[in-house]
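J.: requesting a structural model of the entry that follows:
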Amino acid sequence: MAKAVAEGVKEIEGAEVDLHRIAETLPESVLAKMGAVEAQKAFAHVPVADPHNFANYDAVILGTPTRFGLPSAQVKTYLDALGQIWAQNTAVGKVASCWSSTASQHGGQESTILAVHHTFLHLGMVIVGLPYTCTDQFGHDEVKGGSPYGATTIAGGDGSRLPSEAELRMAQFQGKHVTSIAKKLAA
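T.: Okay, here's the model as predicted:
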């Protein structure tokens, strides 16, 4: 999903994209019990997001797994570290957006994105979602995520389901849409 968002960003002339991951906060022993060690290794080459650099961007598109209808603790820890950004008002007027992944179709995709929006609003950011001009949101021919709040995917309880083509198109659309608005605001 993150790669699809990044591809959408690149569709806007002059736009640059940096892909980062949120730091893991669980010990490796816990990750091993969850079967998540291999997943962690697969993304080890992606740099960890530094909260101090948050305001250096015209737009931030944050992805989060869902935990009980809320962002994961790792994402919440990252957002909680943005206190200096808030205190210095350095994100005010910048664009923010969020996408999510859940284990099940009704796993709280929208509530998770809305929870992240709370932080974006406190930072004074302009929230951009996924408008219905992204028509992949329509239809009931397949199980898929996505809503006006942002692109989403359903990973399955064991993480075995990959994003569908429709979910990837929504993520790419969101990246392009957010970047086009950020470019207009920056002008």
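J.: relative to the whole chain's centre, how far out is stretch 70-88?
T.: Computed by C-alpha atoms, centre = their mean, to the nearest Å, the chain-centroid distance of stretch 70-88 equals 14 Å.
J.: state the mean pLDDT of it.
T.: Stretch 70-88 shows an average pLDDT of 97 in the prediction.
J.: any idea how far Phe173 is from Pro50?
T.: Slight slip there: residue 50 is Asp, not Pro. 28 Å (C-beta to C-beta, to the nearest Å). Placement of C-beta: from N, CA and C, glycine included.
J.: can you tell me the SS state at the spatially most distant residue from the centre of the chain?
T.: What lies farthest from the middle of the chain is Ser29; by C-alpha atoms, centre = their mean that is 26.4 Å. Assigned by DSSP: H, G, I helix; E, B strand; the rest coil, the conformation of Ser29 is helix.
J.: returning to that earlier point: so for Asp50 and Phe173, which sits in the more crowded spot?
T.: Neighbour count, other C-beta atoms under 10 Å: between Asp50 and Phe173, Phe173 has more, with 23 against 12.
J.: give me the phi and psi for the more buried one.
T.: phi -60, psi -40 (degrees, to the nearest 10).
J.: ok, and the closest non-adjacent residue to it?
T.: Residue nearest to Phe173 in three dimensions, not counting chain neighbours: Cys134, with 4.3 Å by C-beta to C-beta, 6 or more residues apart in numbering.
J.: pull the contacting residues for Ile154.
T.: Ser101, Thr102, Ala103, Ser104, Gln105, Gly107, Val143, Lys144, Gly145, Arg161, Glu167 (C-beta atoms under 8 Å, 6 or more residues apart in numbering).
J.: buried subset of the residues you listed?
T.: Ser101, Thr102, Ala103, Gly107, Lys144, Gly145, Glu167 (16 or more other C-beta atoms under 10 Å).
J.: ok so, going back, among the contacts of Ile154, name the ones in helices.
T.: Counting by DSSP state H, the contacts of Ile154 place Glu167 in helices.
J.: turn the contacts of Ile154 into a markdown table, including distance to Ile22 and pLDDT.
T.: Listed next are the contacts of Ile154 as a markdown table, based on distance: C-beta to C-beta, whole Å; pLDDT from 0 to 100:
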| residue | distance to Ile22 | pLDDT |
| --- | --- | --- |
| Ser101 | 13 | 95 |
| Thr102 | 17 | 93 |
| Ala103 | 18 | 90 |
| Ser104 | 22 | 88 |
| Gln105 | 24 | 85 |
| Gly107 | 19 | 90 |
| Val143 | 27 | 87 |
| Lys144 | 25 | 91 |
| Gly145 | 20 | 93 |
| Arg161 | 21 | 89 |
| Glu167 | 20 | 97 |
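J.: cool, thanks, signing off.
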